[in-house]
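Engineer: Structure of the sequence below:
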Amino acid sequence: MVNSLFIRRRNKVWLQPAGGGSAELPLKYVSALLRNIESLGFTFSKALIDLVSTLTVEELEAFYITLIGDLKQIVGAHVEYKPMYPDFPRQVMEATEAELYVNAVLHYLGDLTGNRIIPFYNKEKREPLQDQVKLRVIDVGTTEEFHAIFTQLLLSKTSISETDKADVEWFIRSYLQNAVVPLLPAVIPHKESAAFAVARILEYTTVESSFARAYVQTATDVLRVAVAMSRGDVSLSGNTRFRNFARRERRLLLELLENGSPIIEDMLRYKEVWIRLGERLHPFEFRNKFPASAEAFDIIRNNKPYRTFNSQVEEALHARNAEAAVQLLQRRPGELARRLDHLLRIAQHPQTVIDAFQASVASVSAPVLWQVLTHFTYRNTDRSLRVFFPKGDVGKAQAIPYALAALDTDVCEAVCKVCKAQLIARYSKLPALGKVYLDEGLRDFTVPFSLRSASKALKTISRGSRLALPEGNTIRFFIWWRDGNSRTDIDLSAVGLDDNHVLREQITYYNLRTLGGGHSGDITSAPDGASEFIDIDIEKFREFGMRYVLMSVNSYTHQPFCDLPECFAGFMVREFAESGELYEPRTVENKIDITSNTKVCIPLMIDLEERAVIWTDLALTHAPALNNVAGTSATISILSQAMTSLVKTSLYDLFAVHAEARGEQVFEKDEADVIFGVHEGLTPFDTEKILSEYL
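Structural biologist: Numbering: from 1, shown residues only. Down below sits the predicted model:
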């Protein structure tokens, strides 16, 4: 598991020869290993080749068996791909319409009769892959680098994904007893991560529970810990069924609550959840020891009057009394920053609002400062939509008309000046960077302010980021899934839209070929696993006015993806589409595990004109029926507009401020001490390092 996690996170392995590294392994063994992993798109660095060469044959075999399994899992080569038309795309492109129709009807009849019918076609031998593939280099890692994964995940200043949490849990569960505690950072910046870590440490170790006091300061912190102990949603967006807590656990939670601040104010924010939790904590049993907690539960249970801070703020805003609202919000600088736009719109004297913000800006977190800075930088830009990603366990995008009244340009610039000055002051206290090179390509990558609903992927990046397509005219989408408790039909579709985001064409189960592209055939059940492919001919799509292609994965039989044993999707770019196997792991550009509690997933869009992948990673709770053109044009159009018009902070912006605060920007890589780049130095894929050390 160590190397499984290390390869996935850092493209590194930890290897210690049992014989002390004195063996002389015949070169043929190392050569065979390298050839095998090259077929999956990987190779070794010289340092790793040298280290592997010191293994015994037995050690090499054990290392190889684990390694090859891990690499296959990463790129999706651990399963067998059997599309309906095994020599896709040729068989689909050459078949008559009647042949395709009859094959589909016979297959669908199998759903009614229980006799699954797949048309028989010979699989012809394909010529070797002609595409030139850039291999991913696996290097030697150290114990310190491996431990840094755990620490950096907990130092993230934004929410982390379910995959991240699983890795944090592995560290806590796998390190004997309390060995993981020294790896804990003194401060865990994000409340959700802190609650999750505290709950898992309480579950898996015997460390003295008093450690939790350092990470739990408010009533909401306590609630998150209780939710995490019950395996619930620590974002508090979903419902949690609280488990029964042992007496010592109840005492700990109530002790933390007693020492938290504020208590009643925080508890009223999640009143119904606290009432349900109180049924498990029995706070009145400990009323003498924890009187403040007992009083708070009495107020929320019996609906006793209590005027909250938020109610006072809302009263002031409703009365358009910006001065009163600002006076209140200065006590909570983060809230002041989030409500800044509203305050500036209703204030008679906007400068007083800006002055109040400047007076409290030192207490605002860096992620919020960046979001405020970006918002006001583009505040008066002409846009048709505002896009939101509500907090929760899936990427539920919402797009609404952009109807904010314009603000004076000087006001927006003043806010930006306050934010940037504070960020520079904050970053200037960090170690000097020296000469810094910034890759212009970083402008296409967004800062991952929230990874809460990010899917596990070969390359994890933030929504709205753009990745350049490699050379090749054919984009090949793929999915693979296995049935859950009943027949499961997952459909893969490609939706073509023009420059105005109007739906023009689809490749899907009822339209297997169009504009030089095609679908490998609709398979409607997968007891042993099933796969579908779609090829997009970029040139022909462009000739017919297509600008964007949206990839859609739809659960036609309405099972949520999280109920399936396995479901994943991805894409390749092929220059010679007929060469190599239909699924060539070394050509996989990205693979995403689809595990959300939803029935539709939009992993990505392709901007054909810019030859760029727009990473969307959207999980939709309500299917917009993307597999049927009629009646869905408006939904698809809005989704396309929303994802191509996102206004988010770029990694270039982030690193440029660091360069200004603690370095000197240079324009030649050879002169740089530090490189921020797309492919070298600190890259957009070094997510943990960015979120823990640069945000």
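Engineer: Three-state assignment for Val678, please.
Structural biologist: Taking DSSP: H, G, I helix; E, B strand; the rest coil as the rule, one finds Val678 in the coil state.
Engineer: contacting residues for it?
Structural biologist: Neighbouring residues of Val678 by C-beta atoms under 8 Å, 6 or more residues apart in numbering: 439, 441-442, 445, 684. For glycine as for every other residue, the C-beta is placed from the backbone atoms N, C-alpha and C.
Engineer: how distant is stretch 577-591 from the center of its chain?
Structural biologist: Between the centre of stretch 577-591 and the centre of its chain there are 24 Å (C-alpha atoms, centre = their mean, to the nearest Å).
Engineer: Make TSV from the contacts of Val678 and add pLDDT and distance to Gly76 to it.
Structural biologist: Formatted as TSV, these follow (pLDDT from 0 to 100; distance: C-beta to C-beta, whole Å):
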residue	pLDDT	distance to Gly76
Asp439	97	29
Gly441	96	27
Leu442	97	28
Phe445	95	24
Pro684	94	22
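Engineer: I'd like to know which of the residues you listed is nearest to Asn485.
Structural biologist: Nearest to Asn485 among the contacts of Val678: Pro684, at 38.6 Å, using C-beta to C-beta.
Engineer: Run through the helices of the stretch 51-200 of the chain in chain order.
Structural biologist: Under the criterion DSSP state H, counting those that start in this stretch, helices of the stretch 51-200 of the chain are mapped to 57-75, 90-94, 97-113, 143-155, 162-174, 191-204.
Engineer: mind putting these in a markdown table, distance to Val137 included?
Structural biologist: As requested, those are exported to a markdown table (distance: least, C-beta to C-beta, whole Å):
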| stretch | distance to Val137 |
| --- | --- |
| helix 57-75 | 13 |
| helix 90-94 | 34 |
| helix 97-113 | 43 |
| helix 143-155 | 15 |
| helix 162-174 | 22 |
| helix 191-204 | 30 |
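Engineer: which SSE is Asp355 in?
Structural biologist: Under the criterion of DSSP states H and E, Asp355 resides in helix 350-360.
Engineer: Could I get the buried residue list for that helix?
Structural biologist: Neighbour counts over helix 350-360 (16 or more other C-beta atoms under 10 Å) mark 350, 353-354, 356-358, 360 as buried.
Engineer: sorry, back to before: which ones among the contacts of Val678 lie within strands?
Structural biologist: Per DSSP state E, strands hold no members of the contacts of Val678.
Engineer: quick one: low-confidence parts of the chain?
Structural biologist: Under the criterion pLDDT under 70, the flagged ranges of the chain are 18-23, 176-177, 387-399, 621-634.
Engineer: Farthest out from the centre of it, which residue is that? Tell me.
Structural biologist: Within the chain, the residue lying farthest from the chain centre (C-alpha atoms, centre = their mean) is Asn288, at 45.6 Å.
Engineer: my read: Ala432 touches Glu664, true?
Structural biologist: No. Assessed by C-beta atoms under 8 Å, Ala432 is found out of contact with Glu664, at 9.5 Å.
Engineer: more crowded one of these two?
Structural biologist: The neighbour count for Ala432 versus Glu664, taken as other C-beta atoms under 10 Å, is higher for Glu664 (14 against 11).
Engineer: Against Tyr652, how distant is the residue nearest to the more buried one when sequence neighbours are not counted?
Structural biologist: Closest residue in space to Glu664, ignoring its immediate chain neighbours: Lys435 at 5.3 Å, by C-beta to C-beta, 6 or more residues apart in numbering. Here Lys435 is placed at a distance of 17 Å from Tyr652 (C-beta to C-beta, to the nearest Å).
Engineer: Compare these two (neighbour count), which wins?
Structural biologist: Each of Lys435 and Tyr652 has its neighbours counted (other C-beta under 10 Å); Tyr652 has more, 18 against 15.
Engineer: thinking the more buried one is in contact with Glu440, fair?
Structural biologist: Yes. Contact criterion C-beta under 8 Å: Tyr652 and Glu440 qualify, at 7.1 Å.
Engineer: continuing past the helix holding Asp355, what's the next helix or strand?
Structural biologist: Heading C-terminal from helix 350-360 (DSSP H and E), you reach helix 366-377.
Engineer: Buried ones in that next one, by neighbour count?
Structural biologist: 366-377.
Engineer: Let me have these in JSON lines, extended by distance to Lys417.
Structural biologist: JSON lines is the format used below for the buried residues of helix 366-377 (distance: C-beta to C-beta, whole Å):
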{"residue": "Ala366", "distance to Lys417": "17"}
{"residue": "Pro367", "distance to Lys417": "19"}
{"residue": "Val368", "distance to Lys417": "17"}
{"residue": "Leu369", "distance to Lys417": "12"}
{"residue": "Trp370", "distance to Lys417": "14"}
{"residue": "Gln371", "distance to Lys417": "16"}
{"residue": "Val372", "distance to Lys417": "12"}
{"residue": "Leu373", "distance to Lys417": "10"}
{"residue": "Thr374", "distance to Lys417": "14"}
{"residue": "His375", "distance to Lys417": "14"}
{"residue": "Phe376", "distance to Lys417": "10"}
{"residue": "Thr377", "distance to Lys417": "11"}
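Engineer: what's near enough to touch Leu373?
Structural biologist: Counting by C-beta under 8 Å, 6+ apart, Leu373 has contacts 415-416, 419-420, 423, 649.
Engineer: ok so Asp535 is a helix residue?
Structural biologist: No. Using three-state DSSP, the secondary structure at Asp535 is strand, not a helix.
Engineer: who's in contact with it?
Structural biologist: Counted by C-beta under 8 Å, 6+ apart, Asp535 has contacts 88-89, 474-476, 517-518, 577.
Engineer: so how far does stretch 674-688 reach from one end to the other?
Structural biologist: One end of stretch 674-688 to the other measures 18 Å (C-alpha to C-alpha, to the nearest Å).
Engineer: correction: stretch 174-190
Structural biologist: End-to-end distance of stretch 174-190: 23 Å, with C-alpha to C-alpha as the criterion.
Engineer: ok, residues contacting it?
Structural biologist: With C-beta under 8 Å, 6+ apart, stretch 174-190 has contacts from 1, 147, 150-151, 154-160, 171-172, 194, 197, 201, 205-207, 211, 214-215, 365.
Engineer: From those, list just the buried residues.
Structural biologist: Taking 16+ other C-beta under 10 Å as the criterion, what is buried in the contacts of stretch 174-190 is 150-151, 154-160, 171-172, 194, 197, 201, 205, 211, 215, 365.
Engineer: Does the residue nearest to Glu664 touch Asp670 like I think?
Structural biologist: No. Counting by C-beta under 8 Å, Asp670 is not a contact partner of Lys435; they are 10.1 Å apart.
Engineer: What is the neighbour count of the nearest residue to Phe676 once chain neighbours are set aside?
Structural biologist: Leaving aside its sequence neighbours, Phe676 sits nearest to Phe655 (C-beta to C-beta, 6+ apart; 4.3 Å). Neighbour count of Phe655, defined by other C-beta under 10 Å: 26.
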